[in-house]
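dropping the sequence and predicted coords here.
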Amino acid sequence: DTAVSQTPKYLVTQMGNDKSIKCEQNLGHDTMYWYKQDSKKFLKIMFSYNNKELIINETVPNRFSPKSPDKAHLNLHINSLELGDSAVYFCASSIGSGGPYEQYFGPGTRLTVT
Amino acid sequence: AQSVSQHNHHVILSEAASLELGCNYSYGGTVNLFWYVQYPGQHLQLLLKYFSGDPLVKGIKGFEAEFIKSKFSFNLRKPSVQWSDTAEYFCAVNNAGNMLTFGGGTRLMVKP
């Protein structure tokens, strides 16, 4: 039983293209997140949604747009991809926000922009 | 803004050696502390966490960590490492908000 799943696992695309990454969690959690892990393994939060509403939006280019159709899904759409967008993107979820809640991570999507 | 520092970027140990990975954070208020592990090619998994109570917490796979409030530290320990412990280890902290701030990670290599 996959708790947090992401598709695709690998994504190779050219500069200037638009792509989406999908995330789904079957844990019944209210809060979902997107993180970016760069080539040096540094993890940084990008977005957080609670019950489909955006609650954290760190400083990321507006080419990145998260969409949450329901609280079990949080997709990430990226416009006009750039070389610097190459990274591993992790989705995560937690039971709630604003408290000491463990986050469960998906397997990651390795995005390579050429 | 809170920050998390992991001073050991790379650690190489032989099997059966003892492990201690350092983690310090900058936030002065009430914090929740986590250690996550990322095995090669895999996603992050929770090793252990501290919210309140006994500052010595035990996690999975024989790992433990001690919260020392006066030192703003939450060091991870294991008395005897195994080759299968080779992985990247991340310390993370959040406060009253839900933003989880990660340290830069420590890459542990255990030689058989």
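Now that the structure is in, tell me what you want to look at. Please read these numbers as outputs of a predicted model, since none were measured by experiment. Numbers count the residues shown, from 1 in each chain, chains lettered A, B, ... in the order given.

for the nearest residue to residue B:84 once chain neighbours are set aside, give me its contacts.
Closest residue to residue B:84 apart from its sequence neighbours, by C-beta to C-beta, 6 or more residues apart in numbering or on different chains: residue B:110 at 7.8 Å. The C-beta positions use only the backbone N, C-alpha and C, and glycine is treated the same way. The contact partners of residue B:110, by C-beta atoms under 8 Å, 6 or more residues apart in numbering or on different chains, come to B:12, B:13, B:14, B:15, B:17, B:81, B:82, B:83, B:84, B:85, B:86.

the worst-scoring helix or strand of chain B on mean pLDDT and chain A in contact?
In chain B, the helix or strand scored least confidently by mean pLDDT, DSSP states H and E is strand B:101-102, which has a mean of 90. Yes - using C-beta under 8 Å from any C-beta of the partner chain, strand B:101-102 reaches chain A at B:101, B:102.

list the helices and strands that strand packs on?
If contacts are counted by 3 or more C-beta pairs under 8 Å, 6 or more residues apart in numbering or on different chains; DSSP states H and E, strand B:101-102 sits against strand A:43-50, strand B:87-94.

picking that back up, which among the contacts of residue B:110 count as buried?
Buried positions within the contacts of residue B:110, assessed by neighbour count (16 or more other C-beta atoms under 10 Å in any protein chain shown), are B:13, B:81, B:85, B:86.

send me stretch A:65-73 as PDB with only the CA atoms.
C-alpha atoms of stretch A:65-73 as PDB (Å, rounded to 0.1, in the frame of the first residue of the first chain):
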ATOM      1  CA  SER A  65       2.100  26.600  -9.800                       C
ATOM      2  CA  PRO A  66       0.700  24.100  -7.400                       C
ATOM      3  CA  LYS A  67      -2.800  22.800  -7.700                       C
ATOM      4  CA  SER A  68      -4.900  20.800  -5.200                       C
ATOM      5  CA  PRO A  69      -8.100  19.400  -6.800                       C
ATOM      6  CA  ASP A  70      -8.900  17.700  -3.500                       C
ATOM      7  CA  LYS A  71      -7.100  17.100  -0.200                       C
ATOM      8  CA  ALA A  72      -5.600  13.800  -1.400                       C
ATOM      9  CA  HIS A  73      -3.900  15.300  -4.400                       C
END
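
any part of it near chain B?
No - interface with chain B: stretch A:65-73 contributes nothing (C-beta under 8 Å from any C-beta), its closest point being 14.8 Å away.

residues of that stretch that come out buried?
A:66, A:68, A:71, A:72, A:73.

low pLDDT regions in chain B?
B:1, B:96-98 (pLDDT under 70).

before we move on, what about chain A?
A:1-2, A:98-99.

beta partners for the most centrally placed residue in chain A?
Closest to where the C-alpha atoms of chain A average out (C-alpha atoms, centre = their mean) is residue A:34, at 2.9 Å. With DSSP bridges applied, residue A:34 shows beta-bridge pairing to residue A:47, residue A:91.

by contact count, what packs against the helix or strand hosting residue A:67?
Per DSSP states H and E, residue A:67 falls inside strand A:64-70. Packing partners of strand A:64-70 (3+ C-beta pairs under 8 Å, 6+ apart): strand A:43-50, strand A:73-78.

and chain A, which residues reach chain B?
A:4, A:31, A:33, A:40-45, A:48, A:50, A:55-56, A:90, A:92, A:94, A:96-108.
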